[in-house]
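1. Predicted model and sequence follow; I will ask about them next.
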Amino acid sequence: KAGGIPSLIRDGETGYLVEPGNMEVFGERVRKLIEDKEWREQMSAAVRAEAELWGWEASTTHLRDVQYALALENYKRRPLDVMP
């Protein structure tokens, strides 16, 4: 959940959003992907479908117009002690 990433990923559908430094939840999410082939394939298909919507022009336009501003806002709101 850092920078502009939260606006790009649908948590639990096209990826996972985990609070910075939360290694327990991160490990649980990675473990689920490793151990659950059906879930991994479902998420993979969703990610692929999402990726196919974005050509270079659409991606760079979105990055410039939307993601940069979101990343700056998230940067301003970030906790200063995210790493142990």
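-> It's in. Not measured: the values here are computed from a predicted model.
2. Model confidence score at the residue nearest to residue 32 when sequence neighbours are not counted, please.
-> Spatial nearest neighbour of residue 32, excluding adjacent residues (C-beta to C-beta, 6 or more residues apart in numbering): residue 39 at 6.3 Å. To be clear about C-beta, it is placed using only N, CA and C from the backbone, and glycine gets the same treatment. The pLDDT attached to residue 39 in the predicted structure is 95.
3. and the next element down the chain from the helix or strand where residue 39 lies?
-> Element membership for residue 39, per DSSP states H and E: helix 37-51. On the C-terminal side of helix 37-51, the closest following helix or strand by DSSP H and E is helix 56-62.
4. Quick check: buried residues in that next one?
-> Buried residues in helix 56-62, counted by 16 or more other C-beta atoms under 10 Å: none are found.
5. likewise stretch 19-36?
-> When neighbours are counted by 16+ other C-beta under 10 Å, the buried residues of stretch 19-36 are found to be residue 29.
6. before we move on, the earlier item: can I get the helix holding residue 39 in CSV, CA atoms only?
-> This file holds the C-alpha atoms of helix 37-51, laid out as CSV (Å, rounded to 0.1, in the frame of the first residue of the first chain):
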residue,chain,number,x,y,z
LYS,A,37,-3.2,-23.5,-7.6
GLU,A,38,-6.9,-22.7,-8.4
TRP,A,39,-6.7,-19.3,-6.7
ARG,A,40,-3.3,-18.5,-8.3
GLU,A,41,-4.7,-19.3,-11.8
GLN,A,42,-7.8,-17.2,-11.1
MET,A,43,-5.7,-14.2,-10.0
SER,A,44,-3.4,-14.7,-12.9
ALA,A,45,-6.3,-14.6,-15.4
ALA,A,46,-7.6,-11.4,-13.8
VAL,A,47,-4.2,-9.8,-13.9
ARG,A,48,-3.8,-10.8,-17.5
ALA,A,49,-7.2,-9.4,-18.5
GLU,A,50,-6.4,-6.1,-16.8
ALA,A,51,-3.0,-5.9,-18.4
